[in-house]
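Asker: Structure for this input, please:
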Amino acid sequence: MTGRIILLNGASSSGKTSIGHALLPLLPDPWFFIPADAIGAMRSTVHTRVLDDAEIADMLVRTRRGYHRAVAALASAGNDVIMDYPLSEQWRLTDLLTTLTGYDVTLVEVRCSAAELERRERARGDRPPGLARSQSLVYAHGTPDIAVDTTDTSPADCARQIAVLLPTVTPPKAFDRLRDRLLPRPHP
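Answerer: This next block holds a predicted model:
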């Protein structure tokens, strides 16, 4: 039996991490919250300072592919996992659709107005200006299973909405529909 996966997809500063933390006490135990930033934070930065742009890009792709597989490994052992991850590049989605084939994935879109995203980016100070605006692809994948908007709704209230709606999501789920649309079908 594989665990379930909730994928919180949204632009940087949309509130994915705060919602992930708020979801943990609302869902039946045990759930793991594995934000992509936590995986990146485990990586040594000593050598990163001497890498050129191409080497950094390659390292980031390897890190993200590893994140996908780490989530799959946890779920394959029967663990339920919450991912906090922007589907901001097409290859990320394609790799996840392949890696998570056969898993119960609920795609949750975390929306926020552009003005509020920019305000949050400035307030955080740990993201490049314009990052959230550059991640418009996160919302281009079609209909999610659940959508929340953090513009005027707290992360705790969004988490409550997700926890209430989660049991009502029925197949085919968004990831199944995306897989059917985007991945080539194997020939018999």
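Asker: which of the residues in stretch 55-67 are buried?
Answerer: Judged by neighbour count (16 or more other CB atoms under 10 Å), stretch 55-67 contains these buried residues: 64, 67. In short, each C-beta sits where N, CA and C put it, glycine included.
Asker: quick check, distance from it to the centre of its chain.
Answerer: 16 Å (CA atoms, centre = their mean, to the nearest Å).
Asker: which outside residues touch it?
Answerer: With CB atoms under 8 Å, 6 or more residues apart in numbering as the test, stretch 55-67 has contacts from 34, 36, 39-40, 43, 48, 51, 85, 91-92, 95.
Asker: same question, stretch 22-42
Answerer: Counting by CB under 8 Å, 6+ apart, 6, 16-17, 20-21, 63-64, 66-67, 70-71, 74, 79-86, 155-156, 158-160, 162-163, 166 sit against stretch 22-42.
Asker: sorry, back to before: return the member of the contacts of stretch 55-67 nearest to P144.
Answerer: Checking the contacts of stretch 55-67 against P144 by CB to CB gives Y85 as the nearest, at 13.3 Å.
Asker: Buried only: go through the contacts of stretch 22-42 for me.
Answerer: So, by 16+ other CB under 10 Å, the buried ones in the contacts of stretch 22-42 are 6, 16-17, 20-21, 64, 67, 71, 74, 79-86, 155, 158-160, 162-163, 166.
Asker: re earlier: restricted to strands, list the contacts of stretch 22-42.
Answerer: 6, 80-84 (DSSP state E).
Asker: Out of those, flag the one nearest to T143.
Answerer: Checking the ones in strands among the contacts of stretch 22-42 against T143 with CB to CB, the nearest one is I6 at 16.3 Å.
Asker: got any ranges where this protein has weak pLDDT?
Answerer: Where the chain drops to pLDDT under 70, the residues are 43-50, 130-132, 134, 186-188.
Asker: How far off centre is the strand ranked longest in the chain?
Answerer: Identified as the longest strand of the chain according to DSSP E is strand 104-111. Relative to its chain's centre, strand 104-111 lies at 8 Å (CA atoms, centre = their mean).
Asker: Report the separation between the residue nearest to the spatial centre of the chain and L96.
Answerer: Geometric centre of the chain, nearest residue: Y85, 2.4 Å, by CA atoms, centre = their mean. Distance, Y85 to L96, using CB to CB, to the nearest Å: 8 Å.
Asker: Spell out which residues are contacts of both of the two.
Answerer: The contact lists of Y85 and L96 share L7, where a contact means CB under 8 Å, 6+ apart.
Asker: Can you show me the CA trace of the biggest helix by length in the chain as PDB?
Answerer: Ranked by number of residues, the top helix in the chain under DSSP state H is helix 53-76. Output of helix 53-76 as PDB, limited to C-alpha atoms (Å, rounded to 0.1, in the frame of the first residue of the first chain):
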ATOM      1  CA  ASP A  53      25.700  29.200 -14.000                       C
ATOM      2  CA  ALA A  54      25.500  25.900 -16.000                       C
ATOM      3  CA  GLU A  55      26.900  23.900 -13.100                       C
ATOM      4  CA  ILE A  56      24.400  25.500 -10.700                       C
ATOM      5  CA  ALA A  57      21.500  24.800 -13.000                       C
ATOM      6  CA  ASP A  58      22.600  21.200 -13.300                       C
ATOM      7  CA  MET A  59      22.900  20.900  -9.500                       C
ATOM      8  CA  LEU A  60      19.400  22.400  -9.000                       C
ATOM      9  CA  VAL A  61      17.900  19.900 -11.500                       C
ATOM     10  CA  ARG A  62      19.500  17.000  -9.700                       C
ATOM     11  CA  THR A  63      18.300  18.300  -6.400                       C
ATOM     12  CA  ARG A  64      14.700  18.700  -7.600                       C
ATOM     13  CA  ARG A  65      14.800  15.200  -9.300                       C
ATOM     14  CA  GLY A  66      16.100  13.800  -6.000                       C
ATOM     15  CA  TYR A  67      13.200  15.600  -4.100                       C
ATOM     16  CA  HIS A  68      10.700  13.900  -6.400                       C
ATOM     17  CA  ARG A  69      12.200  10.500  -5.700                       C
ATOM     18  CA  ALA A  70      12.500  11.100  -1.900                       C
ATOM     19  CA  VAL A  71       8.800  11.800  -1.800                       C
ATOM     20  CA  ALA A  72       8.100   8.700  -3.900                       C
ATOM     21  CA  ALA A  73      10.300   6.600  -1.500                       C
ATOM     22  CA  LEU A  74       8.400   7.800   1.600                       C
ATOM     23  CA  ALA A  75       5.100   7.200   0.000                       C
ATOM     24  CA  SER A  76       6.100   3.800  -1.400                       C
END
